[in-house]
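**Student:** Sequence isn't available, so here's the structure alone:
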C-alpha cells in the first residue's frame, strides 16, 4: 500500500475511530461521576444509544468503517493486553481445590449455555458467543470466540449487550444478596469473581465489600480469564470438525453413470472454492498467552503495567462502543427474547455453581479465603 492509499484509508476510518475515542472519554466521565457504572459498561450503552438515535444515512456511512475497525481489531488488541493483568503465580496461590472448581464451573457453564442456545434456535454463532461471554470473561471472550469462528457483527453485538446487561445487574443484586447468604468478605469476593462476567464489573461489584473481597475477586476472575485460550482452542476443534462434516454433506453423491461427468466439475469446484477452516488458536490469542507468560516470568516495572492497563481499557472501550453501535434495538426487541432467556438462565446457573463452590471451599477451610 503506497502513501496515497494509506492516507485514503486513514481518512475513511478516522471519523469512526474519533467518535469511538470521544465516546470512551464520555464513558470515563460517567464512571467518574457514578462509580458504580464501569467505564466499559458505559461504552456499550453509549454505542447502543448512538445506534438508536435518528442519524442521517450519510452520518452512519461516514463512521461505519472506523467503528468496524474498532469492533474487530481493537477488541483483539484488548484481548492481548488483558494478558498482562494475569500472573500464573497469583492463580497458583488459590490452591488446587479452588482452581479445580473454577475450571469445572467454566466448562460446565460454557457447554450448558452453548447447548441451551442451540436448543433455543439462536442464529449463527450466538450460542457459542453467549456461552463464552458468560462462562469466561465477558466481552473479551466474545471477541476472541468471534475472531475464531468468523462470526458476523450482528451475531457478536447481541451477546455483548446481554453480558453487559447481566453484569450491570450483578453490581446491584449480588451485594444485596450477601447478607442473606451470610458470606464474609473473602467468600463474597470468590463468589463475585467466579460468577460476574467482565473484569470491570467484578471490580465494581466486589469493592463494595472492601479491599479483601476485591483482592480475592480479581484473582478468581483472572483465573477464569486464563481459561480463554484453552476454551477458544477447544471451540476451534469443534468448529473445524463441523466444517468438515458440512463439506462432506455437500459433496456430490456417487451416482452410477454420473461420476465421470461430475469428476472434472467437482475437481474444478474444489480448486476454486477450498474449505476455509479457522485456526485452532488465533494469532491474538497466542499474543494473549505470550503476555501472560511475560507477566509471570519477567519482572515488569509498575509503570509498564499501568500503561498496559490503561491502554487495554482504552482499546476495549472503543471496541465495545463500536459493537454497541452495531446493535439494532428494533431487531434486538423482535428477535432477542430467546437470547435474553438463554443469558438469564446461564447467569443463574453460573451464580448457583459459584455459590456452591464457595460453600465447598468454606467447608474445606481453604486458606485463600481465610
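**Tutor:** Right, received. Where do you want to start? This one's a predicted model, so the numbers in the text were calculated from it and none came from an experiment.

**Student:** quick one: contacts for residue 190?
**Tutor:** Residue 190 sits next to 98, 216-217, 220, 354, 357-358, 361, 369 when contact means C-beta atoms under 8 Å, 6 or more residues apart in numbering. C-beta coordinates here come from the backbone N, C-alpha and C atoms, glycine included.

**Student:** Name the nearest of the residues you listed relative to residue 15.
**Tutor:** Closest approach between the contacts of residue 190 and residue 15, by C-beta to C-beta: residue 217, at 38.6 Å.

**Student:** separation between the closest one and residue 354?
**Tutor:** Using C-beta to C-beta, to the nearest Å, we find residue 217 at a distance of 11 Å from residue 354.

**Student:** These two - which one has more neighbours?
**Tutor:** In this view residue 217 and residue 354 are compared by other C-beta atoms under 10 Å, and residue 217 has more residues nearby, 28 against 22.

**Student:** That one reaches residue 205, doesn't it?
**Tutor:** Yes - here residue 217 reaches residue 205: they are 7.4 Å apart, a contact under C-beta atoms under 8 Å.

**Student:** Mutual contacts of the two, please.
**Tutor:** Among the neighbours of residue 217, those also in contact with residue 205 (C-beta under 8 Å, 6+ apart) are 192, 196.

**Student:** Kindly indicate whether the closest residue to residue 152 other than its chain neighbours is helix, strand or coil.
**Tutor:** The spatial neighbour of residue 152 that comes closest, neighbours along the chain excluded (C-beta to C-beta, 6 or more residues apart in numbering), is residue 124 at 6.0 Å. Following DSSP: H, G, I helix; E, B strand; the rest coil, the label given to residue 124 is coil.

**Student:** And the pLDDT for residue 124?
**Tutor:** On the pLDDT scale, residue 124 is placed at 84.

**Student:** Please renumber the chain so that the first residue is 17 from this point on.
**Tutor:** Happy to do that; since the first residue is 17 now, the last one works out to residue 140.

**Student:** Confirm for me that it is in contact with residue 171.
**Tutor:** Yes - using C-beta under 8 Å, residue 140 makes contact with residue 171 at a distance of 4.0 Å.

**Student:** which one of those two has more residues nearby?
**Tutor:** Using other C-beta under 10 Å as the criterion, residue 140 and residue 171 rank with residue 171 on top: 21 against 14.

**Student:** in which helix or strand would I find the more buried one?
**Tutor:** Secondary-structure assignment from DSSP states H and E places residue 171 in helix 169-197.

**Student:** Please spell out the segments of the protein that come in under the pLDDT threshold.
**Tutor:** With pLDDT under 70 as the threshold, the chain has low-confidence stretches at 17-22, 170, 258-259, 262-263, 266-297, 345-352, 382-386.

**Student:** ok, longest helix in this protein?
**Tutor:** Of all the segments assigned as helix in the chain under DSSP state H, the longest by residue count is helix 19-49.

**Student:** All good on my end, thank you.
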